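# below: sequence and its predicted model.
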Amino acid sequence: METIIRQLNEEEYLFLGDFLYEAIFIPEGVEPPPRGIIEKPELRLYTEDFGSSPHDIAFGAFRGRSIVGAVWCRIMKDYGHVDDLTPSLAISLYREFRGKGLGAALMRAILNELRSRGYRQVSLAVQKENYAVKLYRSLGFETVSENTEEFIMIKKLTEDI
């Protein structure tokens, strides 16, 4: 079945909570946190009132009528915050759809959309152990700071992705 990448519409924003939970990196052998963790204030800011700002942009990967992955951004003071003009990204796919190129396709879609809207860069935070670090680097993200657990990465939006 073909996968279609397209911008989410307002009624589909409710799926972002599911993908926020899926985006939580769980190291090998560690028990997943309870689903209610996405209600913590530092995580809720990724999805709360999404769509209320012109800086809120989201794309989904669809197989048939089912959404299997999402990437979204907004300007927020999250883990990947670098300044008040740079949107921060979040991305995730349901486990069974990972490793099939859908994450890269979602990232290219939102990066091109951000560039077309005039954004100069985009940021994200990623756990150092997360396999997605390789994807981000392949798309041109560069580490601008780090702490013991995470990289803060920026992608300059100067050309088509």
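Perfect, I can see it now. Keep in mind the model is a prediction, meaning the values are calculated, not measured. Numbering: from 1, shown residues only.
# SS state for the residue nearest in space to the middle of the chain?
Per CA atoms, centre = their mean, the C-alpha nearest to the average position across the chain is that of Ala90, at 1.9 Å. Look at Ala90: counting by DSSP: H, G, I helix; E, B strand; the rest coil, its state is strand.
# what's the weakest-modelled helix or strand in this protein?
helix 41-44 (a mean of 93; mean pLDDT, DSSP states H and E).
# quick revisit: hmm, Met76 and the residue nearest to the centre of the chain touching each other?
No - between Ala90 and Met76 there is no contact under CB atoms under 8 Å: 9.7 Å. In short, each C-beta sits where N, CA and C put it, glycine included.
# now do the shared contacts for the two.
Shared contacts of Ala90 and Met76 (CB atoms under 8 Å, 6 or more residues apart in numbering): Tyr46.
# right, and the helix or strand after the longest helix along the chain?
In the chain, taking DSSP state H as the definition, the longest helix is helix 102-116. Using DSSP states H and E, the helix or strand that follows helix 102-116 in sequence is strand 121-127.
# show me what that following strand is packed against.
For strand 121-127, the elements it packs on are strand 88-93, helix 102-116, helix 132-138, strand 150-156, judged by 3 or more CB pairs under 8 Å, 6 or more residues apart in numbering; DSSP states H and E.
# buried deepest among those, which one?
The highest average neighbour count among the helices and strands packed on strand 121-127, using mean count of other CB atoms under 10 Å, belongs to strand 88-93 at a mean of 24.
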